[in-house]
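>>> Give me a model of this one.
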Amino acid sequence: MDVLGVVRRSFYFVVDAILPPRERTARTQARTLGDIPVTPTTHELLGTHVTAIMDYRASAVQDLIRALKYDGSAAAASLAAAALADYLREELANAKQFSPRELLLVPIPLHRSRKRERGFNQIEIVLQALPKEFRDGTLSRLAPEVLVRTRATKQQTRLHRAERIKNMAGAFEVPKPQRIANAHIFLIDDVTTTGATLKHAGLPLERSGAHVTLLALARA
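Numbers count the residues shown, from 1 in each chain. Reported below is the predicted structural model:
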């Protein structure tokens with residue numbers, strides 16, 4: 001257990017609750033799910049399909065993602081989880097109907113050095129905020145342990161398209177391939193642009209025998 005990460009995450013949540021928030025976080029705290037435009041759209045990126053449930057160009061979505069990623073906002077995590085649950089419920093039900101595969105929700109992992117620096121993985125805290133049935137095996141199971149980032153990569157936002165693709169190549173591994181050989185994995189990131197992170201993170205899962213669906217909270 002990453003005790004330091006838990007402490008830092010708890011610190012962010014306390015700060016979120018008791019100190020004056022940044023403007024983007026304050027705006028997000030004042031919003032409900034009805035204020036967030038949820039418009040699931042599937043994009044063909046790097047020869048694969050990625051579904052983004054929101055459009056980053058919408059100001060409310062920008063506030064939500066930035067408050068989540070840079071402020072560690074508990075309110076943003078809760079709101080993002082509500083939007084994701086709204087989309088996933090039908091997708092998981094359909095997957096269960098047509099296949100006996102175990103359904104796993106897997107967040108894009110951070111390298112341990114980045115997670116130690118930030119104190120939390122923003123998409124992991126969103127998945128932890130999902131209703132219990134999405135995490136305990138009733139509808140699906142939360143399984144962050146099945147994928148690891150073995151190489152510290154540069155921040156994608158600072159790179160051009162070709163650099164983003166190269167940056168992510170070979171950065172992810174599956175510690176126990178036999179564990180996911182017959183699973184259907186919903187691999188989830190916060191924001192996708194070129195699709196490079198999701199594509200390269202999905203490859204070792206597919207090589208391990210899993211069926212992989214690529215999702216992002218938003219497309220930039």
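>>> what sits against the nearest residue to Ser99 once chain neighbours are set aside?
Closest residue to Ser99 apart from its sequence neighbours, by Cβ to Cβ, 6 or more residues apart in numbering: His184 at 6.3 Å. Where you see a C-beta, it was placed from the backbone N, CA and C, and this is true even at glycine. Listed by Cβ atoms under 8 Å, 6 or more residues apart in numbering, the contact partners of His184 are Ala95, Ser99, Arg101, Glu102, Leu103, Leu104, Ala210, His211, Val212, Thr213.
>>> Between those residues, which sits nearest Glu133?
Distance ranking of those against Glu133, using Cβ to Cβ, places Leu103 first at 11.2 Å.
>>> all helices of this protein, in order?
Remark: helices assigned in the chain by DSSP state H are 3-18, 23-29, 59-71, 74-98, 112-118, 122-128, 132-135, 161-168, 196-207.
>>> that older thread, could I have the buried ones of the contacts of His184 as ChimeraX selection syntax?
This is how ChimeraX selects the buried members of the contacts of His184, with burial counted by 16 or more other Cβ atoms under 10 Å:
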select :95,101,102,103,104,210,211,212,213
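>>> and the contacts of His184 as TSV, adding pLDDT and distance to Pro37?
Converted to TSV, the contacts of His184 look like this (pLDDT from 0 to 100; distance: Cβ to Cβ, whole Å):
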residue	pLDDT	distance to Pro37
Ala95	96	25
Ser99	92	31
Arg101	96	31
Glu102	97	32
Leu103	98	27
Leu104	98	28
Ala210	98	31
His211	97	29
Val212	98	27
Thr213	98	22
